[in-house]
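**Student:** Quick one: sequence and predicted model below, then my questions.
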Amino acid sequence: MTIQEGNKAPIFNLPASNGETISLDQYKGQYVILYFYPKDNTPGCTKEACQFRDDFNTYKKKNCIILGISKDSIDSHKKFIEKQNLPFLLLSDPNNEVCELYSVWKEKMNYGKKYMGIERTTFIIDPNGNIQKIFKKVKVDGHSNNILENIS
């Protein structure tokens, strides 16, 4: 299944940094900013998470929840949250199930080597559970502002 704007967002259950299992459908009635990122505590991922952190109150005013997903362990997520003072949950997808469901598990290239990894992607999911907007191959600078401009 190809994921497209206007589609129903695929429902999932994943372990979260707060020790709970989070299901996407528990956020019906709110916007969900679902962002997939490669790795905790790396420069681009830290910058992206900190932009969301810095704009967190604006997201709250717009009835938005922010959820970050990577393959990292819950322990890694907890350390990342603590170090960067992140006010939102990070979810662990160690088997790439949700990454594949959302078509963000891709072949990538680094220094001429091909490998599989998460393509930095953000989904705006509307209060009815539909994908309102997809940001693929995200460039971190200004990304949070770009998302805020696209929340209706």
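**Tutor:** Okay, I see it. The model shown is predicted, which means the values in this text are computed figures rather than measured ones.
**Student:** Quick one: residues contacting the residue nearest to C50 when sequence neighbours are not counted.
**Tutor:** Using CB to CB, 6 or more residues apart in numbering and skipping the chain neighbours, the partner closest in space to C50 is Q84 (5.9 Å). The C-beta positions use only the backbone N, C-alpha and C, and glycine is treated the same way. Q84 makes contacts with T46, A49, C50, R53, as judged by CB atoms under 8 Å, 6 or more residues apart in numbering.
**Student:** Among those residues, which ones are in helices?
**Tutor:** Judged by DSSP state H, helices contain the following of the contacts of Q84: T46, A49, C50, R53.
**Student:** Contact partners for F36?
**Tutor:** G68, I69, S70, C99, Y102, V104, I118, E119, R120, T121, T122.
**Student:** which of those residues sit farthest apart?
**Tutor:** Largest separation among the contacts of F36 by CB to CB: G68 and E119, giving 14.5 Å.
**Student:** and the gap between A16 and H77?
**Tutor:** If you measure A16 against H77 using CB to CB, to the nearest Å, the figure is 8 Å.
**Student:** okay, the two: which has more neighbours?
**Tutor:** H77 (23 against 19; other CB atoms under 10 Å).
**Student:** what pLDDT does the more buried one get?
**Tutor:** pLDDT for H77: 97.
**Student:** quick one: least confident helix or strand in the chain?
**Tutor:** Across the helices and strands of the chain, mean confidence by mean pLDDT, DSSP states H and E is lowest for strand 105-110: a mean of 87.
**Student:** Quick one: residues contacting D141.
**Tutor:** K47.
**Student:** So it, which state does it fall into?
**Tutor:** coil (DSSP: H, G, I helix; E, B strand; the rest coil).
**Student:** ditto for T122
**Tutor:** strand.
**Student:** Verify the contact between it and K139 for me.
**Tutor:** No: at 11.1 Å, T122 does not count as touching K139 under the criterion of CB atoms under 8 Å.
**Student:** any idea where the helices of the protein begin and end?
**Tutor:** Under DSSP H, the chain gives helices at 43-54, 56-61, 74-84, 97-101, 143-149.
**Student:** What residues sit buried inside the third one?
**Tutor:** Going by neighbour count (16 or more other CB atoms under 10 Å), the buried part of helix 74-84 is I74, S76, H77, K78, F80, I81, Q84.
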